[in-house]
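**Student:** My questions are about this predicted structure, shown below with the sequence.
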Amino acid sequence: MAEIGSFALLLALALSVYSFLAGIIALAFQNQVSQNQVSQNQVSQKVARQAVQPGSHPARRAGFAASSHENSLAALLRQGSERIGETARRAGIATFAAVVLAAVILVVCAFRDDFSIAYILHHSNRDLPGPYKFAVLWSGQEGSLLFWSLLLAAYGFVLRLRYKTDPRLFAYASVVLAGVQIFFLSLLNFAAHPFAIVQGTIPADGNGLNPLLQYPEMVIHPPMLYLGYVGFTVPFAFALGALIMKYPGEKWIHITRRWTMVTWAFLTCGVFLGAHWAYSVLGWGGYWGWDPVENASLMPWLTGTAFLHSVMMQEKRGMLKMWNMWLVFATFWLAILGTFLTRSGIISSVHAFAQSSIGDWFAWFLGITLAVFVFFFFKNKSHLVSEHKLESLVSRESSFLFNNLLFVLLCFTVLWGTWFPKISELVQGNKVTVGAPFYNRVAIPVALLLLILTAIGPLLAWRKTSIESLKRNFLWPVIGAIAIAVVLMITPQSWGSAFGLKPWRDISYFYSLMAIALAVLVTLTVASEFYRGGRVISKHTGQGMFASMVQLTHRNTRRYGGYIVHFGVVVVIIGFAGAAFNQDKEQEMGYGDKMTIGSYTLVCRSYTQDDNPNYGSEWAVVDVYKGGKKIDTMTPVREFYKASRQASTKPDIRSTFKEDLYLVYEGQNEKGQPVIKAHLNALVTWIWMGVWIILGGTVLALVPNAPAPVRIPAPARLERAHAAPVTTGD
Amino acid sequence: MIWLICCGMLAVASLFYVFYLPGKLFLGPEKTRAGYLRERKDAVYENLRDLNFEYKAGKVPDVDYRSLKSSLQDEAATILGEIARLEAKAAAAPRRAQE
């Protein structure tokens, strides 16, 4: 089996190299033929005119014949290059089949406990449950690189199948994808081979999977994250292709819009699944620790989000073309940089990835991609000139611009903080690590400013917005947000986590109050957008308001799906704001011992141990009382995995809308009694709810628009605009 | 030995798929300046429709609406003018060749 897997990888590399080289040759020929044809057409038209004149010289007639012969030669060359281009496309598709085969073989080997393969030996064991054996594919260095390559090949497969949308642009994008694929397949074949064979005696059992990864979410978190990371290669490939071929117009953005949104949704899902996994498994009571690996996933998400916004300016107004080119490149580059960070061991992280020499490969690849992009950018940047200028600071364009600057500022902060240990080591000779306070100092104000823009942006008009318009659109949402802020300040804290927020007492209270007030502002502006739009439809169709709002959404899914995404972000931010009210307590708990945290009383009913073939465990049984009434029983656990000889803590979490009661089995004291750590985390459920809303909004934004049935007369000044339908736009 | 046969079959199948090209290839239309202008025209019309809708929704005051509409109409007129020039030139080219 391993031999076939190795051959499949080698074949995939050969096919990728062919797809890349043949693609370049075909495009170079086609360009040459097109250029020749343009100049030849001019010449032949002139020659033809002279040759067909009565009594023309025989030499002129011979010239006409020669010119016709050259034309047919050019046609032949063109046909040849097109056929080479088609073989390049097919080689890209065949690469997918070869990589799928290699991945399937690796998974089958994991299920067959084939410990003759070093990767299976190091990341699996006989008693590992089935779903985790499947997850072995992405649990270690070599397998996850194979998985990356598989996803890239899958994206490439879909792209190459859909080439009829715009064959030439897709051919360029296909060549770029093949170039990236060559890198990953070279890594797999020459630096991190997943089918490497164990030398000497083959052990009877494997070393097992890292216990932290033996959690249901870990079966879906890495695929989601990788789908996001890898997916950004597609918009990058189209962008670079469009730049190289000087693609006229913005249609490439229209083509890649869905790719970008789907990829963004996967990355969002991956980032938050990672946060949820950290919250549910690592047992430190939080969901985000600004760890380099977390940062690595956040950076491309930030630039990708900026790109999703600024790209609308290019589509609508032909602006920010250079900026968008850099943003899409930065997103792709940061995704690769993140992988470099986690694989090279250059920066230490709580995430246990193998340190290896593949860091050098990534460094080279990053350097080459940067050089290629910069070369083509400066070569063809005259093609990226904006068609319009910013007319006013108070306009939709400027809100997108500020939004982008804030996202990039935040990304740069995260990048700086992540690399700071390395930079300080190079400058001072010792590693200085920056923690959460550094990131929070920038991230919280930037997030609040972004919330303001989220509220303002959709209500601003393209080009310019007058004071009258601002008053008309913002008066009621602002009054609503201020009213809520006042209520939150003057109410007693005993009402709940978000009440009694006195901003002068603590900066975290100030931030929480601002976050909640701005969240209300965004919610009201989003609601007003739905209401105003629904009212127009209702007036024209006579439908009820709800039906009108549904129709409105269906007629511009991208815009109104986007508003739902904004609402989801608001819900997430409210969840983040709850961190200001978190509490924790630690206590040794014997039989019947009590601990009080917030409004809960915890009583240790018992503690015990268990054993199964995969791991042994010890846990406490804790009864939870509220207002003197028993409401739940919780069982925080500590597990010891036999094959890997590693321990893992699995907290027990009781979630409500208001707060999470989070119990961790920290260990045992000298008397053998459990040490329990209790956290009371406010509003955490809102974060996970918000993510579902974000994903729902994104899915809605991907639904094609319904046609607009209502029509109104438009000015006679524009031909074909006599019956401009009432529709809704971005 | 079996794995050698499997690998050989895999290689042959790949080569056959890549290099056996029956039938005519799909090439699609060539992208031209006129095509690009038509896309721009669609974008400007879309912007006009958005403006109309926002005006009807009560988001844009009368003065803003008139000024924004006028500038969008000017932009559309410029694009339409260039499209018309290009189409006239394209129509004239074969006639000239015949003459």
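**Tutor:** Perfect, thanks for sending it.
**Student:** and the biggest helix by length in chain B, what other elements does it pack with?
**Tutor:** Longest helix in chain B by number of residues (criterion: DSSP state H): helix B:62-98. Under the contact definition 3 or more C-beta pairs under 8 Å, 6 or more residues apart in numbering or on different chains; DSSP states H and E, helix B:62-98 sits against helix A:2-51, helix A:467-490, helix B:33-56. In short, each C-beta sits where N, CA and C put it, glycine included.
**Student:** looking at these, which is closest to A:A371?
**Tutor:** Of all these, helix A:2-51 sits nearest to A:A371, with 16.6 Å by C-beta to C-beta.
**Student:** Looking at the closest one now, give me its mean pLDDT.
**Tutor:** Averaged across helix A:2-51, pLDDT comes to 79.
**Student:** quick one: the one helix or strand A:L145 maps to near chain B?
**Tutor:** Here A:L145 sits within helix A:141-161, counting by DSSP states H and E. No. Helix A:141-161 lies out of reach of chain B by C-beta under 8 Å from any C-beta of the partner chain, never closer than 12.0 Å.
**Student:** hang on, the earlier thing: make a markdown table out of the helices and strands packed on helix B:62-98 and add distance to A:L152 and mean neighbour count.
**Tutor:** Formatted as a markdown table, the helices and strands packed on helix B:62-98 follow (distance: least, C-beta to C-beta, whole Å; neighbours: other C-beta atoms under 10 Å in any protein chain shown):
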| stretch | distance to A:L152 | mean neighbour count |
| --- | --- | --- |
| helix A:2-51 | 10 | 19 |
| helix A:467-490 | 44 | 16 |
| helix B:33-56 | 30 | 19 |
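**Student:** so what's the residue lying closest to A:A26 once chain neighbours are set aside up against?
**Tutor:** In space, and not counting its chain neighbours, A:A26 is closest to A:G85: 3.4 Å by C-beta to C-beta, 6 or more residues apart in numbering or on different chains. A:G85 is in contact with A:A22, A:G23, A:A26, A:L27, A:Q30, A:A171, counting by C-beta atoms under 8 Å, 6 or more residues apart in numbering or on different chains.
**Student:** Looking at these, point me to the pair that's furthest apart.
**Tutor:** The widest separation within those (C-beta to C-beta) is 12.2 Å, between A:A22 and A:Q30.
**Student:** these two touch, right, A:N582 and A:Y662?
**Tutor:** No. Judged on C-beta atoms under 8 Å, A:N582 makes no contact with A:Y662 at a distance of 9.5 Å.
**Student:** excluding its backbone neighbours, what's nearest the residue nearest the centre of chain A?
**Tutor:** Most central in chain A under C-alpha atoms, centre = their mean is A:L267, positioned 2.5 Å from the mean C-alpha point. Spatially, and ignoring its direct neighbours in sequence, A:L267 is nearest to A:G228 (2.6 Å; C-beta to C-beta, 6+ apart).
**Student:** Could you check the angle the helix or strand the residue nearest to the centre of chain A falls within makes with helix B:33-56?
**Tutor:** In this structure, A:L267 sits in helix A:251-277 according to DSSP H and E. Between helix A:251-277 and helix B:33-56, the angle comes out at 60 degrees (axes from the mean of the first three to the mean of the last three C-alpha atoms, to 10 degrees).
**Student:** re the thing from before, and the gap between the residue nearest to the centre of chain A and chain B?
**Tutor:** 28 Å (C-beta to the nearest C-beta, to the nearest Å).
**Student:** quick one: contacts for that residue?
**Tutor:** So A:L267 contacts A:M224, A:L225, A:L227, A:G228, A:Y229, A:G231, A:F232, A:S297, A:P300, A:W301, A:G304 (C-beta under 8 Å, 6+ apart).
**Student:** how does it look with 10 Å?
**Tutor:** A:224-232, A:297-298, A:300-301, A:304-305, A:331, A:335 (C-beta atoms under 10 Å, 6 or more residues apart in numbering or on different chains).
**Student:** tell me which element A:Y226 is part of?
**Tutor:** Secondary structure assignment for A:Y226, by DSSP H and E: helix A:216-231.
**Student:** can you list the weak-confidence ranges in chain B?
**Tutor:** For chain B, the stretches with pLDDT under 70 are B:93-99.
**Student:** Pick out the residue in it sitting closest to chain A.
**Tutor:** Chain A sits closest to B:D50 of chain B, with a gap of 3.0 Å, by C-beta to the nearest C-beta.
**Student:** Look up how far A:H540 lies from that residue.
**Tutor:** 16 Å (C-beta to C-beta, to the nearest Å).
**Student:** measure A:N582 to chain B for me?
**Tutor:** 40 Å.
**Student:** ditto for A:S297
**Tutor:** 34 Å.
**Student:** need the contact list for that residue.
**Tutor:** Contacts of A:S297 (C-beta under 10 Å, 6+ apart): A:225, A:228-229, A:267-268, A:270-272, A:274-275, A:334-335, A:338, A:342.
**Student:** how far off helix A:216-231 does the helix or strand hosting it point, in degrees?
**Tutor:** Following DSSP H and E, the helix or strand that holds A:S297 is helix A:292-317. Using the same axes, to 10 degrees, the direction of helix A:292-317 lies 50 degrees away from that of helix A:216-231.
**Student:** mind checking how far the helix or strand just after helix A:292-317 is from the chain centre?
**Tutor:** The first helix or strand that comes after helix A:292-317 along the chain, using DSSP H and E, is helix A:321-344. Computed by C-alpha atoms, centre = their mean, to the nearest Å, the chain-centroid distance of helix A:321-344 equals 12 Å.
**Student:** and helix A:321-344, what does it pack onto?
**Tutor:** Packed against helix A:321-344 by the contact rule (3 or more C-beta pairs under 10 Å, 6 or more residues apart in numbering or on different chains; DSSP states H and E) you find helix A:141-161, helix A:167-190, helix A:216-231, helix A:233-244, helix A:251-277, helix A:292-317, helix A:358-380, helix A:396-428.
**Student:** Buried residues of the longest one, list them for me.
**Tutor:** Going by neighbour count (16 or more other C-beta atoms under 10 Å in any protein chain shown), the buried part of helix A:396-428 is A:396-404, A:406-408, A:410-411, A:413-415, A:417-421.
**Student:** about what we covered before: which one of the contacts of A:G85 is nearest A:M218?
**Tutor:** The shortest gap between A:M218 and any of those belongs to A:G23, at 37.1 Å (C-beta to C-beta).
**Student:** isn't the closest one right next to A:A171, touching?
**Tutor:** Yes. If you go by C-beta atoms under 10 Å, A:G23 and A:A171 touch, sitting 6.3 Å apart.
**Student:** For these two, list the residues in contact with both.
**Tutor:** A:G85, A:A88, A:R89.
**Student:** helices or strands next to the helix or strand harbouring A:V522 in the packing?
**Tutor:** Element membership for A:V522, per DSSP H and E: helix A:507-541. Other elements packing on helix A:507-541 under the criterion 3+ C-beta pairs under 10 Å, 6+ apart are helix A:436-456, helix A:467-490, helix A:545-555, helix A:557-577, helix B:33-56.
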